[in-house]
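no sequence on this one, just coordinates:
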């Protein structure tokens, strides 16, 4: 038996390992594998018609995102990371940051109770019980936060909690730029 034939499976295996390693090292979001790009960056918030979380029957559409820059925060009571970020969102809101909430695939009563107990940082809180707006936004889960400019255009998507570090390093500079652009 030819000894060279014995090495063919080994070489094929090593080539496959190299190909997989190269592919695992690549991602569409650059060097940060935790960053998930959004196809909505630079586009209008998708059309929707959703009820207010607290005031059943009160409807909102995408026009609520026009007029001033703001954050759209996707949250739910079943999300432990949302609980962790909630106090910081209250702090941001008390410092004048405009935030709209999107209660995502949640129990309405539990969500209202959550806001009553933990505070409500949201100007408006949309109830997305079936998750359709979340789906249109490309939401993978909660929490996610979108920066939306005064024209209702999505400028940035942040996956994970909003905290002092990522607010100062990433989100606040982008938010401040949107505020400046809105005044022009």
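Yep, it's here. Computed from a prediction, not measured in an experiment: that's the story for all the values here. Residues are numbered from 1 along each chain as shown.

Secondary structure element holding the closest residue to residue 43 other than its chain neighbours?
In this structure, residue 43 finds its nearest non-sequential neighbour in residue 154, 6.1 Å apart by CB to CB, 6 or more residues apart in numbering. Bear in mind the C-beta positions are built from the backbone N, C-alpha and C, glycine included. In this assignment (DSSP states H and E), residue 154 forms part of strand 154-159.

cool, residue 121 as well?
In this assignment (DSSP H and E), residue 121 forms part of neither any helix nor any strand.

what's the answer for residue 88, then?
Assigned by DSSP H and E, residue 88 falls in helix 80-94.

Repeat that for residue 106.
Applying DSSP H and E, one finds residue 106 in no helix or strand.

Am I right that it is in contact with residue 130?
No - between residue 106 and residue 130 there is no contact under CB atoms under 8 Å: 10.6 Å.

These two: who's more crowded?
Regarding residue 106 and residue 130, a neighbour count based on other CB atoms under 10 Å identifies residue 106 as having more, with 22 against 11.

Sketch out the low-pLDDT regions of the chain for me.
1-8, 10-38 (pLDDT under 70).

residue contacts, the residue nearest the centre of it?
Nearest to the geometric centre of the chain sits residue 144, at 2.4 Å (CA atoms, centre = their mean). For residue 144, the contacting residues are 73-74, 137, 157-160, by CB atoms under 8 Å, 6 or more residues apart in numbering.

so what strands line up beside the strand holding residue 154?
strand 144-148 (antiparallel) (DSSP bridges).

just the angle between the partner strand and helix 80-94, please?
Taking axes from the mean of the first three to the mean of the last three CA atoms, to 10 degrees, one finds strand 144-148 and helix 80-94 inclined to each other by 30 degrees.
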